[in-house]
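Visitor: Build me a model from this:
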Amino acid sequence: MVNHQPESPRELERHLRPTARTAISWARLCAAVQAQSTSGAGQDLELTGVSLNPQTVQPGDVFLAISGAKRHGAQFLPDALANGALAVITDAAGQELIGSQAQVPVGIVPDVRAIAATAAAAVYGTDAGTPELFGVTGTNGKTTTTFMIRSLLEALGRNTGLIGTIEMSVRGRIIPSVLTTPESTQLHGLLARMGEQDVQAVAMEVSSHSLSYNRVAGLKFAVAGYTNLTQDHLDLHGSMEEYFATKARLFEPERCEQAVVLVDDQYGRKLAKNARVPVTTLSLDAANPAAQWVVEELAPSGLGHAFTLRHRDGQRLALRTGLPGLFNVANAALAVCMVLASGVDPQRLQQVLDAHDPLSLSVPGRMQVISEQPVAVVDFAHNSDALIKALGSLRPGDGGRRIIVFGATGERDTTKRPDMGAVAVRNADIVIVTDDDPHDEDPAQIREQVAAGAQAEIDAGGHGVKLYNVAPRDAAVEFAVSLANPADAILVAGRGHEVSQEVAGIDVALDDRQELAQALSKHGFTPLSPIAQTID
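Guide: Coordinates of the predicted model:
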């Protein structure tokens, strides 16, 4: 293995801004965010960018110095100035830290993060408009649904952008992602870049973190979609109710014009009932009286499914997705309903569905099939519900077994670790616990917590499941393949598209897709095709 060296934050930042540098005066910016300038100097100073991070500051920026969990951004003003910042906006605590030593104009606001999006919109011009925005939130399915929305819109002939976990793209040009949703300053810069390149519509994942930290502030989505809500991120939110309340912020009138909501869980039903925007409801249950659109006539089609999407008024669309799993039927149905909600003619949409099969795209690391004999799949599933669904989607051959390789992320919600182990035992025949991204936590301790939950389930249920604890991860993948026969189905879960594993602060190159393909070849099986090592 070799260390993985990504672009530096400052280099990456250049991708997240318009190429044409327009300018706004310091006086206009202060007025836009209601900042009190500490001096009359610099009123005509022209600013061309905004950054919350001193490491990403570009020449001509205003640096927004926020109060962090451990240190205040104002302490890093010298770094921002060295990188070319021409002004700074901070709060009272930041002003005190800066004192009289500032070499540039200083603006004071009560809450810097609260005005970050407004500042970026003013500098980059997105306050005058953005491409049409499709936002998808929920615990699982966001990535696949946004890929499907983009695919549908491209099939309809529209220039598109994508913002999410795996990638950000501008008319097909890929920019590596760092966060599921970028910081508000980066997001407005990226949307300005998309606008100057004639992007007409953007599909975007909207995470609970982005809503908690106001990363999508200042944006209004044409259509917002909801997938599902299961236990995750409780290290941030504390409880499922708070997690739900955070997600529900996307469906307020100031953030979206209309919504499409899957009502197959209690939170979806609650969201549809309480949302203060027009809501289209969707269900996989054809008999669900609460849903306007339902899925029916579901039938296997290759590794995926063909199905009918029917509206309660009798309107019908014939759909197909080549991606495995009922959850991908849900993702496909949600994507179609969101595109319909934006005003696309149903007959026109059926034409492109028939002509282009846009819902059968390959999504990196999302139920990505590496071989068919044995069935070998890499997926991003990293919580209990996602593991259940991913394992349930596997179709072993006659007499075949389900084999899973997975772990839990370090320094995240520890309460889900034993449950993930128990879920694996209930839904697989061979369970191999290994490392995910341990970060700065002891990997062996994480594995033991997952394995303890698995062993407790075996002891309580009399399961004949075989349980193994294998590290490092590449060895666990190879071990899984060594146990397999052609009728088995292997799921390597948790990391999906990721190409490096963080261990004690070091990024170590590791791609589950590559490791699985190599192990299959080593043991005499045939992978479907070469797997791309990274996304450029």
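Visitor: Could you pull out the helices in the stretch 1-150 of the chain for me?
Guide: In the stretch 1-150 of the chain, the helices defined using DSSP state H, counting those that start in this stretch lie at 9-13, 26-33, 77-82, 92-98, 112-124, 142-155.
Visitor: closest one to Gln197 among the ones you listed?
Guide: Among these, helix 112-124 comes nearest to Gln197, with 13.7 Å by CB to CB. For the C-beta atoms, the positions are set from N, CA and C on the backbone; glycine is no exception.
Visitor: ok now that closest one, how far from the chain's centre?
Guide: Averaged C-alpha coordinates place helix 112-124 at 23 Å from its chain's average position (CA atoms, centre = their mean, to the nearest Å).
Visitor: As PDB, could you dump the C-alpha coordinates of it?
Guide: In PDB, the C-alpha atoms belonging to helix 112-124 read as follows (Å, rounded to 0.1, in the frame of the first residue of the first chain):
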ATOM      1  CA  VAL A 112     -20.000  34.900  11.200                       C
ATOM      2  CA  ARG A 113     -21.300  31.500  10.100                       C
ATOM      3  CA  ALA A 114     -24.800  32.900   9.800                       C
ATOM      4  CA  ILE A 115     -23.700  35.500   7.200                       C
ATOM      5  CA  ALA A 116     -21.300  33.300   5.300                       C
ATOM      6  CA  ALA A 117     -23.800  32.300   2.600                       C
ATOM      7  CA  THR A 118     -25.000  35.900   2.200                       C
ATOM      8  CA  ALA A 119     -21.500  37.100   1.800                       C
ATOM      9  CA  ALA A 120     -20.700  34.500  -0.800                       C
ATOM     10  CA  ALA A 121     -23.900  35.100  -2.700                       C
ATOM     11  CA  ALA A 122     -23.100  38.800  -2.900                       C
ATOM     12  CA  VAL A 123     -19.500  38.200  -4.000                       C
ATOM     13  CA  TYR A 124     -20.300  35.500  -6.600                       C
END
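Visitor: any idea how far Phe76 is from Thr56?
Guide: 11 Å (CB to CB, to the nearest Å).
Visitor: Who has more neighbours out of those two?
Guide: With neighbours defined as other CB atoms under 10 Å, Thr56 and Phe76 compare such that Thr56 has more, 24 against 17.
Visitor: ok, the more buried one touching His15?
Guide: No - between Thr56 and His15 there is no contact under CB atoms under 8 Å: 11.0 Å.
Visitor: low-scoring stretches of the stretch 1-150 of the chain, by residue?
Guide: Counting by pLDDT under 70, the stretch 1-150 of the chain shows low-confidence ranges at 1-7, 40.
Visitor: Apply 80 and report the result again.
Guide: 1-7, 39-41, 100-101 (pLDDT under 80).
Visitor: What part of the chain, helix or strand, is modelled with the least confidence?
Guide: In the chain, the helix or strand scored least confidently by mean pLDDT, DSSP states H and E is helix 234-237, which has a mean of 53.
Visitor: mean confidence for the top helix by length along the chain?
Guide: Using DSSP state H, we find that the single longest helix of the chain is helix 443-461. Confidence for helix 443-461, expressed as mean pLDDT, is 96.
Visitor: Any buried residues in it, and which?
Guide: Neighbour-count burial for helix 443-461, counted by 16 or more other CB atoms under 10 Å, picks out 443, 446-451, 453-455, 457-458.
Visitor: Relative to the whole chain's centre, how far out is that helix?
Guide: 28 Å.
Visitor: helix, strand or coil for Ile404?
Guide: Secondary structure, DSSP: H, G, I helix; E, B strand; the rest coil: Ile404 is strand.
Visitor: and for stretch 336-354, what are the contacting residues?
Guide: Residues from elsewhere that reach stretch 336-354 (CB atoms under 8 Å, 6 or more residues apart in numbering): 132, 134, 136, 145, 149, 152-153, 155-156, 201, 222-223, 225, 258, 260, 280, 282, 293, 309, 315, 317-320, 358-359.
Visitor: Of those, grab the buried ones for ChimeraX.
Guide: The buried subset of the contacts of stretch 336-354, as determined by 16+ other CB under 10 Å, is captured in ChimeraX by this line:
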select :132,134,136,145,149,152,153,155,156,201,222,223,225,258,260,280,282,293,309,317,319,320,358,359
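Visitor: Take the contacts of stretch 336-354 and keep only those in strands.
Guide: 132, 134, 136, 201, 222-223, 225, 258, 260, 280, 282, 293, 309, 317-320 (DSSP state E).
Visitor: Can I get stretch 150-163 in CSV? Just the C-alpha atoms.
Guide: Extracted C-alpha coordinates of stretch 150-163, given in CSV (Å, rounded to 0.1, in the frame of the first residue of the first chain):
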residue,chain,number,x,y,z
ARG,A,150,-28.7,13.9,-13.3
SER,A,151,-29.1,11.0,-15.8
LEU,A,152,-32.7,11.7,-16.4
LEU,A,153,-32.1,15.4,-16.9
GLU,A,154,-29.2,14.7,-19.3
ALA,A,155,-31.5,12.3,-21.3
LEU,A,156,-33.9,15.2,-21.5
GLY,A,157,-31.2,17.3,-23.1
ARG,A,158,-30.3,19.6,-20.2
ASN,A,159,-26.9,20.7,-19.2
THR,A,160,-26.3,19.4,-15.6
GLY,A,161,-24.2,19.7,-12.5
LEU,A,162,-23.9,17.3,-9.6
ILE,A,163,-22.8,18.0,-6.0
